[in-house]
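Colleague: no letters, just coordinates:
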């Protein structure tokens, strides 16, 4: 299962102080949440942990915005203070059960990369993570107990936003944000406030010596756009404070009352009535007023974040800003006409006469016509090319979009969006008389790269291996195998090419030394072949793709939570051009993601996406 993750890093760089480095396309509000809700919340400069400390955290801003990562006590600065290092990943799609299971696994393993504090770079790449078995962390994570994982999945199933923080020293207990006093929260936040603003609005200054003042400390360099963005953020936040003023709790009121009393006490200590009103004192009073106003706004915003964002509340379930409906007939704005679509043969069960008839009966004006490519084999790649060339209104794909496809769409004046509509798994299968019980992904990699050519090398009989595969340039399923089993490398010369899943099944059934693969929806129930249970690595438990009597039912639990190593999502590729094609594609997605539509997905032999 691929995850597209953007990065956020925060640490103290040599000679430059505390800075944020982030990937492109990380929204300003997400950067601010990273600063306010993670950095300042989990690191107290006045009371830092000891050197060697590490912890993991997961924080959902919304159901579609998830931050997770690692905190390390990274070293000692020249002043003898412990340096924090926050490595964070940002997932900007609806968090589902298999996403969560993958994230928890990543947290336990550790981050893929870390930033060099002595040689920082302003470029932080977006990461695509898929190969759990090839995941080589740059630093260790924190072991998670089964109880912690279960609590997280329970919260997700109850549509609650998850907030999780686990230090190394407390692995068996879910630790939610510590109960700080109101004064501690504000004091802690104020320490980071200037770092937060600087980290959000300025990245290029990280390299420039102009960012240091005469004392060698960081100073601000804000462009007009930076200042405009900050002002807009402040204004929108103030509007939210006003709109949600009735939501402030009685507890918050008592805090505000206490704060007013303390401010009054401080004013009395200043004895303002006896101070002479000369020019210097007026400037002093103005500064005091500005600071007090800024602090009041900060307090209001911080408390509002705690009340509205941080509370684990149920939220409307969305995918890519598309609302889920219950029935096919409820879906609005479905266009009228006959529309062409195409794509992967893996999703052929979704165009069965029964499923298409059910859709057309609910939306009589909406007719779909599947179009095969001319002169080239049918597959995900061909369907995407036809969509790019204007031959289809939308297409179906068994693999994610590639960078060159996204770039070509952009060059032609529109965007492509992949929207998941179902969950599937890739199943490897062998001859029923082959005594192999299961294989791990490294063994599969060795077989399909040509390093292992005899079954005795993996505990089987002294029998040569005949491996069958589709062409990755055509088949989305083969592309996923190449990326996730072969780690992007080419198939070995020993691998024989087949054109269809049926051909692969027939060849394996006729050859005791053969092995092939296909979509689980095709393999399920086939009696002439043996579907292999697989594991991520040697020593790990094998996970079977099928369960039930004679293994004739998809292992929906393993596919949903991602514990089956070759779980994948199936996509509708929508052309975002603001025209009729976009309306057609969005309507199809809306129809299939209704409650009724997801039953059709299940009927087609796939696992529902929701």
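Modeller: Perfect, thanks for sending it. No experiment lies behind these values; they were computed from the predicted model shown.

Colleague: so what's residue 574 up against?
Modeller: 394, 416-419, 582, 585-586, 589 (C-beta atoms under 8 Å, 6 or more residues apart in numbering). To be clear about C-beta, it is placed using only N, CA and C from the backbone, and glycine gets the same treatment.

Colleague: burial check on residue 79, number of neighbours?
Modeller: 5 (other C-beta atoms under 10 Å).

Colleague: how about residue 404?
Modeller: Residue 404: 8 neighbours (other C-beta under 10 Å).

Colleague: among the contacts of residue 574, which ones are in helices?
Modeller: Of the contacts of residue 574, the ones assigned to helices by DSSP state H are 582, 585-586, 589.

Colleague: with distance to residue 159 and neighbour count as extra columns, can I get the residues you listed in a markdown table?
Modeller: Listed next are the ones in helices among the contacts of residue 574 as a markdown table, based on distance: C-beta to C-beta, whole Å; neighbours: other C-beta atoms under 10 Å:
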| residue | distance to residue 159 | neighbour count |
| --- | --- | --- |
| 582 | 29 | 18 |
| 585 | 27 | 26 |
| 586 | 24 | 24 |
| 589 | 21 | 22 |
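
Colleague: is it possible to get TSV of the residues you listed that adds distance to residue 511 and pLDDT?
Modeller: As requested, these are exported to TSV (distance: C-beta to C-beta, whole Å; pLDDT from 0 to 100):
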residue	distance to residue 511	pLDDT
582	47	95
585	42	95
586	45	94
589	41	94
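
Colleague: and the residues you listed, which is closest to residue 150?
Modeller: residue 589 (31.4 Å; C-beta to C-beta).

Colleague: surely the closest one and residue 419 touch.
Modeller: Yes - with contact defined as C-beta atoms under 8 Å, residue 589 counts as touching residue 419 (4.9 Å).

Colleague: and residue 386, how far from residue 379?
Modeller: Using C-beta to C-beta, to the nearest Å, residue 386 is found at 11 Å from residue 379.

Colleague: between the two, who's got more neighbours?
Modeller: Shown here are residue 386 and residue 379; by other C-beta under 10 Å, residue 379 has more neighbours (29 against 21).

Colleague: residues contacting that one?
Modeller: If you count contacts by C-beta under 8 Å, 6+ apart, then residue 379 has 343-345, 474-476 around it.

Colleague: and residue 108, which of the three is it?
Modeller: Using DSSP: H, G, I helix; E, B strand; the rest coil as the criterion, the local structure at residue 108 reads helix.

Colleague: any idea how many residues pack against it?
Modeller: 18.

Colleague: wait, doesn't it sit right on residue 143?
Modeller: Yes - contact status for residue 108 versus residue 143: in contact at 5.9 Å, counting by C-beta under 8 Å.

Colleague: tell me the two of the ones in helices among the contacts of residue 574 that are most distant?
Modeller: 582 and 589 (10.7 Å).

Colleague: what about residue 375, which SS state?
Modeller: With three-state DSSP as the criterion, residue 375 reads coil.

Colleague: circling back to that earlier point, quick check, nearest of the ones in helices among the contacts of residue 574 to residue 162?
Modeller: Closest to residue 162, out of all of the ones in helices among the contacts of residue 574 and judged by C-beta to C-beta, is residue 589, at 26.0 Å.

Colleague: run through the residues that contact that closest one.
Modeller: Here residue 589 is in contact with 322, 419, 421, 572, 574 (C-beta under 8 Å, 6+ apart).

Colleague: wait, the second one sits on residue 569?
Modeller: The reference is to residue 419. No - in this structure residue 419 lies outside contact range of residue 569 using C-beta under 8 Å: 9.5 Å.

Colleague: ok, residue 64 - how many residues close by?
Modeller: Residue 64, neighbours per other C-beta under 10 Å, totals 17.

Colleague: tell me the contacts of it?
Modeller: So residue 64 contacts 92-95, 318 (C-beta under 8 Å, 6+ apart).

Colleague: which SSE is residue 478 in?
Modeller: Take DSSP states H and E as the rule and residue 478 turns out to sit in helix 476-484.

Colleague: and the next helix or strand past that helix?
Modeller: Under the assignment DSSP H and E, the closest C-terminal helix or strand after helix 476-484 is strand 496-497.

Colleague: in terms of secondary structure, what does that next one contact?
Modeller: strand 466-469 (3 or more C-beta pairs under 8 Å, 6 or more residues apart in numbering; DSSP states H and E).

Colleague: run a quick neighbour tally on residue 390.
Modeller: Neighbours of residue 390 (other C-beta under 10 Å): 11.

Colleague: ok, residue 136 - contacts?
Modeller: Residue 136 neighbours (C-beta under 8 Å, 6+ apart): residue 112.

Colleague: quickly note the distance from it to residue 487.
Modeller: 11 Å.

Colleague: return the distance of residue 35 relative to residue 82.
Modeller: Distance from residue 35 to residue 82, by C-beta to C-beta: 19 Å.

Colleague: and residue 64, by the same measure?
Modeller: From residue 64 to residue 82 the distance is 35 Å (C-beta to C-beta).

Colleague: show me the helices in the stretch 1-150 of the chain, by range?
Modeller: In order along the chain, the stretch 1-150 of the chain carries the following helices (DSSP state H, counting those that start in this stretch): 28-33, 40-42, 97-109, 146-157.

Colleague: okay if I get the ones you listed as CSV plus distance to residue 596 and mean pLDDT?
Modeller: Shown next, in CSV, are the helices of the stretch 1-150 of the chain (distance: least, C-beta to C-beta, whole Å; pLDDT from 0 to 100):
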stretch, distance to residue 596, mean pLDDT
helix 28-33, 34, 89
helix 40-42, 43, 86
helix 97-109, 21, 86
helix 146-157, 21, 85
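
Colleague: got these as CSV, with distance to residue 17 columns?
Modeller: Listed next are those as CSV, based on distance: least, C-beta to C-beta, whole Å:
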stretch, distance to residue 17
helix 28-33, 17
helix 40-42, 15
helix 97-109, 28
helix 146-157, 35
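
Colleague: just so I know, which of those lies nearest residue 558?
Modeller: Of all those, helix 97-109 comes closest under C-beta to C-beta, at 9.4 Å.

Colleague: what packs against that closest one?
Modeller: Against helix 97-109 (3+ C-beta pairs under 8 Å, 6+ apart) you get strand 3-13, strand 54-62, strand 65-76, strand 82-91, helix 146-157, helix 556-561.

Colleague: off-centre distance for that helix?
Modeller: Using C-alpha atoms, centre = their mean, to the nearest Å, the distance from the centre of helix 97-109 to the centre of the chain it belongs to is 10 Å.

Colleague: how big is the angle separating it from strand 82-91?
Modeller: 160 degrees (axes from the mean of the first three to the mean of the last three C-alpha atoms, to 10 degrees).

Colleague: residue 35 and residue 82: who's more crowded?
Modeller: residue 35 (23 against 18).

Colleague: hang on, that one packs against residue 18?
Modeller: No - counting by C-beta under 8 Å, residue 35 does not reach residue 18; the two are 10.1 Å apart.

Colleague: returning to what we had before: most surrounded residue in the contacts of residue 379?
Modeller: That'd be residue 343 among these, by other C-beta under 10 Å, with 33 neighbours.
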